[in-house]
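Engineer: No sequence on hand, only this structure:
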């Protein structure tokens, strides 16, 4: 029974429910009617008998009791025979109505089935956006839009990745072919081989980074969360990258509030900060200042990195964290970037429960990392007697 | 020394590099052959690839250790998942390298494995007229004292310990900077630090000691290679 029930279509189930409920109501109604009619008849009969006894006490020609029984039986027959007929008619009507009500859903399903990965740009038609089906269609369309966006991103990423892998491959091949074209001095060979190895190195690093990102996407990177002092971590990064800023005669300044603790995987979070600070050093002009600040703001811990570089135009602001996204094609590759630094930073912050954003700034660019802060006050006291 | 590696080119590269360092090398191309040789002959070290036709590297390792053959084993693997490495080391490997690896690193690790158990080094390191006093943490070149920062000293110490051998940026990142992962920013840091160290060590017409080998890394050597 239960398997038949769950196997039946909504239309059938709806009709059965409707018919059962209707039958119960009708039976109730019929019973009530019958009882009321009988009561009415009895009262009439009693009145009749009183009149009869007053007028002609001995006239007992016809039996009024028997007549009453006869009339009641007729009413009962009408009710009992009419009831199934009405139920059957109503059931049939209900079945037809259910089909009409459910038709848009079948239609929707048929439309949705047409939409495959390569036709994701199409949308379902929304006949009436205020009714249930319309809302369902709108929800579907929303999902399709998001699917389309992520499919698009995936496609772009694959294309970009292949392109980025191809460039060092082309260099390696070109240098090798050039070196073999004629006999050269050992120094020239050494130079050629060294240059090829440099690009092998680049290729290796790129593959490593891609692998990390894809593991991040798949969620197979195991984190080891720890209580991390954000200020200390920032100082650590700044002291390790300080030499790069020095080389560019930049002032790498750091100001940290005390006791800003967050729960995070230290190494992963350190990667994020390293990439953002490195980015600032790379784009900040010589003789400028780079400011790293760590602050606590209520429940939030924030780390900001501000440089005095050219800044990032508004239209690029959302996309700087995209993989391989470059505002200026030539420049960042020249400085040895893979185009994945900020993408790694974004992943690393988000996997630790935080957010990273590029804030609008009057000049230069201002990156902000926000993480939930761990309270430093004494361990929370459990009030005795408070219900758990 | 036994190299068990099925990829012909890689086996050739590894064995030539080892021969250039004057090690005797035997190459086994299949797991079966590798296992047979490793259990029949006596080697100082086995370089073992994990993905092999015939018999899996981990299986060979396990069998060897079960037979109480304690030859040091360095495993090569294309997989860098933590589980794989832990599994290899648990089964009795002495060290591991993830492909693609740098040859200088392979050689350095082999030297370290062969050196294992011997009493370790002196308190002074020398290369030409460069001297490093590890106790006082002072450096001098000829009569001239060289002022070094902490990092510079560690860097120079590492280079001198691997004197005459190539040192890759990976090795420096891991052993001097103690960074488990090598990222682009760190490479730049290493290069800048190296340039500064070189300015302090190899200046005013003295013979150059620190050499850059393009695409590979650095080496401390007395004369031009």
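Structural biologist: Nice, thanks for sending it over. Being a predicted model, the structure only gives us computed values, none of them experimental.
Engineer: Quick check: closest non-adjacent residue to residue B:185.
Structural biologist: What sits nearest to residue B:185 in space, not counting adjacent residues and going by Cβ to Cβ, 6 or more residues apart in numbering or on different chains, is residue A:278, at 3.9 Å. Where C-beta positions appear, they are placed from N, C-alpha and C, glycine not excepted.
Engineer: got a list of contacts for the helix or strand of chain B with the lowest mean pLDDT?
Structural biologist: Least confident helix or strand of chain B, by mean pLDDT, DSSP states H and E, is helix B:82-90 with a mean of 78. Here helix B:82-90 makes contact (Cβ atoms under 8 Å, 6 or more residues apart in numbering or on different chains) with A:222, B:50, B:58, B:61, B:75, B:77, B:96.
Engineer: Next, the buried residues of it.
Structural biologist: Across helix B:82-90, burial judged by 16 or more other Cβ atoms under 10 Å in any protein chain shown covers B:84, B:85, B:87, B:88.
Engineer: pull the longest helix from chain B.
Structural biologist: helix B:184-201 (DSSP state H).
Engineer: just the helices in chain A please.
Structural biologist: Applying DSSP H to chain A gives helices spanning A:2-7, A:10-55, A:64-114, A:132-181, A:186-218, A:230-247, A:266-283, A:329-334, A:341-351.
Engineer: correct me, but residue B:53 touches residue B:30?
Structural biologist: Yes - with contacts counted by Cβ atoms under 8 Å, residue B:53 reaches residue B:30, the gap being 5.7 Å.
Engineer: list residues touching both of those two?
Structural biologist: residue B:6.
Engineer: What score does residue 220 have for pLDDT?
Structural biologist: Looking at chain A here, since you left the chain open. pLDDT recorded at residue A:220 is 75.
Engineer: ah, no, chain B please
Structural biologist: The model reports residue B:220 with a pLDDT of 89.
Engineer: got any ranges where the chain has weak pLDDT?
Structural biologist: Picked chain A for this. For chain A, the stretches with pLDDT under 70 are A:1-2, A:54-62, A:327-337, A:376-388.
Engineer: oops, I was thinking of chain B
Structural biologist: Checking chain B against pLDDT under 70 turns up B:81, B:117-122, B:181-184, B:204-205, B:223-225.
Engineer: of all the residues in it, which ones are close to chain A?
Structural biologist: Residues of chain B lying near chain A by Cβ under 8 Å from any Cβ of the partner chain: B:82, B:100, B:177, B:180-189, B:192-193, B:196, B:213-216.
Engineer: So for residue B:53 and residue B:30, which residue has more residues nearby?
Structural biologist: residue B:30 (15 against 10; other Cβ atoms under 10 Å in any protein chain shown).
Engineer: distance of the more buried one from chain A?
Structural biologist: The gap separating residue B:30 from chain A is 28 Å, by Cβ to the nearest Cβ, to the nearest Å.
Engineer: Surely that residue and residue B:56 touch.
Structural biologist: No - between residue B:30 and residue B:56 there is no contact under Cβ under 8 Å: 11.3 Å.
Engineer: if we can go back for a sec, need the winner for burial among the helices of chain A.
Structural biologist: Most buried of the helices of chain A by mean neighbour count (mean count of other Cβ atoms under 10 Å in any protein chain shown) is helix A:266-283; its value is a mean of 24.
Engineer: tell me the angle that helix makes with helix B:184-201.
Structural biologist: On the basis of axes from the mean of the first three to the mean of the last three Cα atoms, to 10 degrees, helix A:266-283 is oriented at 70 degrees to helix B:184-201.
Engineer: now the angle between helix A:186-218 and helix A:266-283, please.
Structural biologist: Per the same axes, to 10 degrees, the angle that helix A:266-283 makes with helix A:186-218 is 130 degrees.
Engineer: What residues does chain A have near chain B?
Structural biologist: A:190-191, A:193-198, A:200-201, A:204-205, A:222, A:240-241, A:243-244, A:247, A:267, A:271, A:274-275, A:277-278, A:336-338, A:341.
Engineer: repeat that for 7 Å
Structural biologist: Residues of chain A lying close to chain B (Cβ under 7 Å from any Cβ of the partner chain) are A:191, A:193-198, A:201, A:204-205, A:240-241, A:243-244, A:247, A:267, A:271, A:274, A:278, A:336-338, A:341.
Engineer: ok now do the residue lying closest to residue B:133 once chain neighbours are set aside, which residues does it touch?
Structural biologist: Distance criterion Cβ to Cβ, 6+ apart; nearest residue to residue B:133, sequence neighbours excluded, is residue B:124 at 5.7 Å. Counting by Cβ atoms under 7 Å, 6 or more residues apart in numbering or on different chains, residue B:124 makes contact with B:131, B:132, B:133, B:134.
Engineer: And the strands in chain B?
Structural biologist: With DSSP state E, the ranges of strands along chain B come out as B:2-4, B:26-28, B:46-49, B:73-77, B:95-98, B:124-127, B:130-133, B:138-141, B:144-146, B:167-168, B:210-213, B:217-220.
Engineer: Quick check, the residue in the stretch 1-150 of chain A closest to chain B?
Structural biologist: Relative to chain B, the nearest point of the stretch 1-150 of chain A is residue A:150 (26.0 Å; Cβ to the nearest Cβ).
Engineer: what's that residue in contact with, if anything?
Structural biologist: By Cβ under 7 Å, 6+ apart, the contact list for residue A:150 is empty.
Engineer: and residue B:146, bridged to which residues?
Structural biologist: Taking DSSP bridges, one obtains residue B:139 as the residues bridged to residue B:146.
Engineer: That one: how many residues sit nearby?
Structural biologist: Residue B:146 has 19 nearby residues by other Cβ under 10 Å.
Engineer: From chain A, how far out is it?
Structural biologist: Relative to chain A, residue B:146 is positioned 18 Å away (Cβ to the nearest Cβ).
Engineer: got the contact list for that residue?
Structural biologist: Here residue B:146 is in contact with B:139, B:140, B:200, B:201 (criterion: Cβ under 7 Å, 6+ apart).
Engineer: The third one: what's it in contact with?
Structural biologist: So that's residue B:200. Neighbour list for residue B:200: B:146, B:148 [criterion: Cβ under 7 Å, 6+ apart].
Engineer: excluding its backbone neighbours, what's nearest residue A:191?
Structural biologist: Nearest to residue A:191 is residue B:214, by Cβ to Cβ, 6+ apart, at 6.7 Å.
Engineer: Next, count neighbours for the one you found.
Structural biologist: 14.
Engineer: repeat for residue B:198
Structural biologist: Residues lying near residue B:198 (other Cβ under 10 Å) number 16.
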